[in-house]
Structure formats: C-alpha cells, structure tokens
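Chemist: Attaching a predicted model along with its sequence, questions to come.
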Amino acid sequence: MSFREILSMPGMKPVLFSLFIASLGFGIILPILPFYALSLGAEPFQLGMLTATFALMSLIFAPFLGRLAEKKGRKNVILVCMAGYALSYLLFTFTNSLAMAFVARGLQGFFTAGIMTACVSLITDMSSESQRGKAMGLFGMTFSLGFIMGPAIGGFAAAISVQTAFLLAAVLSIVGIAYVHSRLREPPMKDADIVQKEVSMLTHISSPLLLIFMSVFMVTFMIGGMEATLALYTSEKLSFTSAEVGLIFTFIGSVVMIVQYLGGSLVNKVGEIRLIQLGLALSGLGFFLLVFASNWVSLLVPVAIFVTGNAIVFPSANSLLSKKATGDRGAVLGLATSFRSLGQFVGPLLAGFLYGINHSYAFLGLAVVILVYFAVFSIISMKKLK
C-alpha cells in the first residue's frame, strides 16, 4: 500500500494535521527559546532545565492522558489539548520572567503529550499490521514537515519580534482546532488482546517491550540534547543568529522527512531491529563529529549523519512497538510517550550540564551514551525480540 492510499483512509488527514500543527508550533520555538531564555537571565544549565520541563510534564501526565483519550474519546482530547497548546504560546507572548517561561513550557509539554498519544492511537486503529510501517513513516514525515517549516518561520518571525512568533503559533493552533472539529470522525477502537503484564512495565521489567521503550527513549534523548545545546554552540563558535539557527533546524527537518519517507518502506524489507541498530550507530557517529564543526559544511555533514540515524530509529521503534502491543494501546502508547518524555528530560539536563563544563563534552557525552546503548540493544535484541 502506498503513502497516498494510507493518506486517503477516512480520518487520517485531520489526525496528521493535528500532529503537523503540534510539530509546527514546537519547531517555531526551537531557534528562539535559547536566546529568549538567555534574555530572561537563564544560564546554560537552566536552559537545559527549561527544555527538560517540557518533557517532565509529558512524562508525568502521558499515561493519564492516554487513558483519558480512551474514556472520553481521542478526538476530544486532541481538541482540548490544541486549545491548551494555544494558551501556552499566549503565556510565552506576554511573559517577562524566567519563572513564567517555565510555566508556559510545562503547559506545552502537558498538552503535546495528549496530542501525540491520541494521534498515534488513532493511526494504529486506522491501519492494519501490514500497513503499520508506512503509516508510522507517514506519522514521522508529518512531524518532520512541521519541523521543517517551524524553525524557519520562528527564526525569521523573531526578526520582527519574539512575540510575533509566539502569537503566530497560537493562531495556527486555533486554526487546527476548527479543522479537526469539522473533519475528524473517530474510528472504533480495536479489541484489546495484550497481556496485562506488558502494560505494567514498571512491575514487569523483564518484558521484551522494555527494550523497545528504551529505543523510543534514545530517540528523544538525542533530540533533547541537541535542542538544549546546538543553538548555543553555533552561536558562540560560529556566531550564528536565531535566523541561521532556524535554518539549521529546517535542514534537520528536511533530512528527517526524506529519510522517514524511505524508512517507511524499509521497515518491511529490512526489519525494525536492524534499522534501529543502524540508526543508533549513525546517531552516535554524528554527535562525535559535531565536536569538529568549524563552518557550515563541517556542521551540516555530522548533523545530517546524526539526523539520518535518529530518523531511522523513530519509525522503526514505533512500528515494532505497535506490532508487539496490539491491545490496550492507550496505556501502552501512554507509557511509550512517557519514555519519549523521559529521554527528552534526561537529554537536555545531561547536555546542559556537560556544556557548562566544556562545550565539546556535551556532544562527546551524548555520543558515548548512544553507542553504549547500541551495543546493549544489539546483544539483547537477538534474544528478546526475535
């Protein structure tokens, strides 16, 4: 089945549009947040904490939002969370303190968790197991499209004013509410058939799903570490402005979209486990090479290597998870979102801490963590996930 046929499934377009709006708003703030936080008096580690706050709120509330989506309807959760998303950007628009920025960032994490969990649950119900690889690839491509456009919009809108960029993100969220409300018809949920112990991962830590959750963790661990340090690193080492940082993230989004377009087809041909191994190896190599960046070329090449690896892991881990956990997905996907959030929480904190010691340590430290997990995954997956 082609991507076009998957896109033509009833309800798929509004679900993907919800995801696009969330990723667009997320992208708009990326090139702005580091400079904005510094203007409010933040230190590098506090910038890492601000980035991590987004993930912490998602980590805490994702399981609750997953269960709520099953009880109250995933469409309803998407609509409410998109309204809250708009509110968080309005708070950013009018804040003049670092404390209020933390509040706004925390609200973003809470509402984004609801949107992401509900969207993945809907896509899973709309697709069969054989369609799942390409459906998750389309999921990743949609997120990447917002990631491509958002940083460019945010970087150049900030040239007018930071408030302009925040207001634009709020308005786009409101547009998304109107579209989803009028176009999304929620499909019935598939019957639950997963063993209960697979859901209760915290008490059944020997489950094979744990390895998949850890792969999900590594995706956002890498992204979170880059988010917290790349803007500062390029600003201090290469004298980049917010507009130039926005172009870097636009480049990242473009690479992600291309790789995930190809990756959706590779999942069924190569297999998720091998793709996860390849993605982890490339990601570690990319972070290591970032240490030697001194101009546009030596920056974009390792970024492309890292992003290619990350973009391979993301749909592969999601596809493998959806195949292993075919029932009670609200709890399972909520827990997966928690692991994503945990990675996005730990990554910025570690990167920010290491960056404060030495700028190069941030990328070297992340590379070491990724490559160690690559070795662990390669050994254990052969026994646990076959």
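Modeler: Now that the structure is in, tell me what you want to look at. Nothing here was measured: the structure is a model prediction, and the numbers come from that model.
Chemist: so how far is stretch 296-308 from its chain's centroid?
Modeler: Centroid separation for stretch 296-308 versus its chain: 19 Å, with C-alpha atoms, centre = their mean, to the nearest Å.
Chemist: tell me the secondary structure for the most centrally placed residue in the chain?
Modeler: Geometric centre of the chain, nearest residue: residue 220, 6.0 Å, by C-alpha atoms, centre = their mean. Residue 220 falls in the helix class when you classify it by DSSP: H, G, I helix; E, B strand; the rest coil.
Chemist: Give the closest residue to it in space, chain neighbours not counted.
Modeler: Counting by C-beta to C-beta, 6 or more residues apart in numbering, residue 343 is the residue found nearest to residue 220 once chain neighbours are left out, at 3.6 Å. The way it works is simple: take the backbone N, C-alpha and C, and place the C-beta from them, glycine included.
Chemist: Residue 55 is in contact with that neighbour, correct?
Modeler: Yes: using C-beta atoms under 8 Å, residue 343 is in contact with residue 55, at 7.5 Å.
Chemist: so residue 377 is in which element?
Modeler: Taking DSSP states H and E as the definition, residue 377 sits inside helix 359-384.
Chemist: One more: residue 62?
Modeler: Using DSSP H and E, the element containing residue 62 is helix 44-72.
Chemist: Contacts only, for the nearest residue to residue 84 once chain neighbours are set aside.
Modeler: Residue nearest to residue 84 in three dimensions, not counting chain neighbours: residue 111, with 3.9 Å by C-beta to C-beta, 6+ apart. The neighbourhood of residue 111, defined by C-beta atoms under 8 Å, 6 or more residues apart in numbering, consists of 81, 82, 84, 85, 88.
Chemist: Could you tell me which of the residues you listed are located in helices?
Modeler: Secondary structure assignment by DSSP state H places 81, 82, 84, 85, 88 of those in helices.
Chemist: Export the residues you listed as TSV, with columns for distance to residue 216 and neighbour count.
Modeler: Shown next, in TSV, are these (distance: C-beta to C-beta, whole Å; neighbours: other C-beta atoms under 10 Å):
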residue	distance to residue 216	neighbour count
81	20	25
82	23	28
84	24	17
85	22	27
88	24	26
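Chemist: about what we covered before: what count of nearby residues applies to the residue nearest to residue 220?
Modeler: Neighbourhood size, residue 343 [other C-beta atoms under 10 Å]: 25.
Chemist: same check, this time on residue 76
Modeler: 15.
Chemist: again with residue 185
Modeler: By other C-beta under 10 Å, the residues close to residue 185 number 8.
Chemist: Can you give me the separation between it and residue 80?
Modeler: Residue 185 is 18 Å from residue 80, where distance means C-beta to C-beta, to the nearest Å.
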